[in-house]
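**Q** below is the structure, and that's it, no one-letter string:
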């Protein structure tokens, strides 16, 4: 439900970098979202179409790269992916784990026209 | 014309994080210890806050920032009735407090000379985890009737915690809640997490929680 705030943030970052680069318009925006960031890209897209109107980013395409949450078992070093629900190590059943990645949530790059 | 590629690599919530940093500076500057209390609706955030105030009020000046999705001042009224300053922040339907909203709350409490500032976040296990507020400590209140599977289903919020309170332990005899399973999930996400099982009805565990909290508050006073 916090996708509106997030989408506004994406717009303001994209506008800032577009104006620094003297762009006439932004055509594409690349966003990286980790599994643990809890963001629904469909909702971001929905808000985007509304709030980007009449800005330099109007009609820019959003591209989402989803990164899985990767875990490592500290007992047997098996790496595995966090699905919807946290599980113990599929190899040895160990419960001592570490999250390696999945928190990513950044704007990677934009494509502009001058 | 060929589109031009502009690398950005900027955290999408960096604006929030910057305001959170300002909040932290304000808290440090006024020697106020700030805690952010998160939980699902009905876990007992307000009850734990009232118990905490009741226990620590003789020795500490405590202010509360209440986050609510609607302009309903039930929670803030209870705090004020307990003799402490409270401000209500209406998020206008939003599912979480962010650093800017907290900043507004802090401005209203600025003259209160608080030792401890408690934020009662919006009842939700997903969104508040994404927005840092600048407080010194993130606290989650889990409660027995919610079930023992919550760490497995909401891993993101458990990872960012400094303290876990397990509320309503007086209901353990009546509810199917496997404490070992629950604690294993917590341990997987946040090893060694400081945990206080409490009951706001019987008062069990409240002295341990408040004594520990008071110690944290005193540490910032000494700095």
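**A** Yes, it's here. Everything numeric here is computed off the predicted structure, so don't read it as measured data.

**Q** just how off-centre is the strand or helix carrying residue B:63 within its chain?
**A** Assigned by DSSP states H and E, residue B:63 falls within strand B:62-68. Centroid separation for strand B:62-68 versus its chain: 10 Å, with C-alpha atoms, centre = their mean, to the nearest Å.

**Q** which SSE is immediately downstream of that strand?
**A** Once strand B:62-68 ends, the next helix or strand along the chain (criterion: DSSP H and E) is helix B:74-81.

**Q** show me what that next one is packed up against.
**A** On a contact count with 3 or more C-beta pairs under 8 Å, 6 or more residues apart in numbering or on different chains; DSSP states H and E, helix B:74-81 meets helix B:45-56, strand B:62-68, strand B:86-90. (Glycine included, C-beta is placed from N, CA and C.)

**Q** deepest of the ones you listed, which one?
**A** Mean neighbours per residue, mean count of other C-beta atoms under 10 Å in any protein chain shown, is largest over the helices and strands packed on helix B:74-81 for strand B:62-68, with a mean of 26.

**Q** parallel or antiparallel, which strands does that strand pair with?
**A** Sheet pairing for strand B:62-68, assigned by DSSP bridges, gives strand B:86-90 (parallel), strand B:116-120 (parallel).

**Q** columns mean pLDDT on top of the helices and strands packed on helix B:74-81, output as JSON lines?
**A** Below are these laid out as JSON lines (pLDDT from 0 to 100):
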{"stretch": "helix B:45-56", "mean pLDDT": "95"}
{"stretch": "strand B:62-68", "mean pLDDT": "91"}
{"stretch": "strand B:86-90", "mean pLDDT": "88"}
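
**Q** just to revisit the earlier point, the strand holding residue B:63 vs helix B:45-56, what angle?
**A** 180 degrees (axes from the mean of the first three to the mean of the last three C-alpha atoms, to 10 degrees).

**Q** still on that earlier bit, to residue B:118, which of the helices and strands packed on helix B:74-81 lies closest?
**A** Closest to residue B:118 of those is strand B:62-68 (C-beta to C-beta; 4.9 Å).

**Q** show residues contacting that closest one.
**A** Residues outside strand B:62-68 that contact it (C-beta atoms under 8 Å, 6 or more residues apart in numbering or on different chains): B:32, B:49, B:52-53, B:56, B:73, B:75-76, B:79, B:84-91, B:96-97, B:101-102, B:105-106, B:109, B:112, B:114-122.

**Q** apply 7 Å and report the result again.
**A** Outside strand B:62-68, the residues that touch it by C-beta atoms under 7 Å, 6 or more residues apart in numbering or on different chains are B:49, B:53, B:56, B:75-76, B:79, B:84-91, B:97, B:102, B:105, B:109, B:112, B:114-122.

**Q** can I get the buried ones among those as something I can paste into PyMOL?
**A** To isolate the buried members of the contacts of strand B:62-68 in PyMOL, using 16 or more other C-beta atoms under 10 Å in any protein chain shown:
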select buried, chain B and resi 49+53+56+75+76+79+84+85+86+87+88+89+91+97+102+105+109+112+114+115+116+117+118+119+120+121+122
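
**Q** nearest residue to the middle of the chain?
**A** Unless you meant another one, I'm taking chain A. For chain A, residue A:33 is the residue whose C-alpha lies nearest the centre (C-alpha atoms, centre = their mean; 2.1 Å).

**Q** not quite, go with chain B.
**A** Among the residues of chain B, the one closest to the centroid is residue B:37, at 1.3 Å (C-alpha atoms, centre = their mean).

**Q** report the contact partners of it.
**A** Residue B:37 neighbours (C-beta under 7 Å, 6+ apart): B:45, B:49, B:118-121, B:139, B:141.

**Q** may I have the beta-bridge partners of it?
**A** Beta bridges link residue B:37 to residue B:120, residue B:139 when assigned by DSSP bridges.

**Q** tell me how far it lies from chain A.
**A** Look at residue B:37 and chain A: by C-beta to the nearest C-beta, to the nearest Å, they are 18 Å apart.

**Q** so what pLDDT did that residue get?
**A** At residue B:37, the model reports a pLDDT of 97.

**Q** residue B:83 now?
**A** Looking at residue B:83, the pLDDT reads 85.

**Q** go on, residue A:61?
**A** 95.

**Q** grab the nearest non-local neighbour of it.
**A** residue A:28 (5.0 Å; C-beta to C-beta, 6 or more residues apart in numbering or on different chains).

**Q** residue B:60 too?
**A** Per C-beta to C-beta, 6+ apart, closest to residue B:60 is residue B:115, 4.2 Å.
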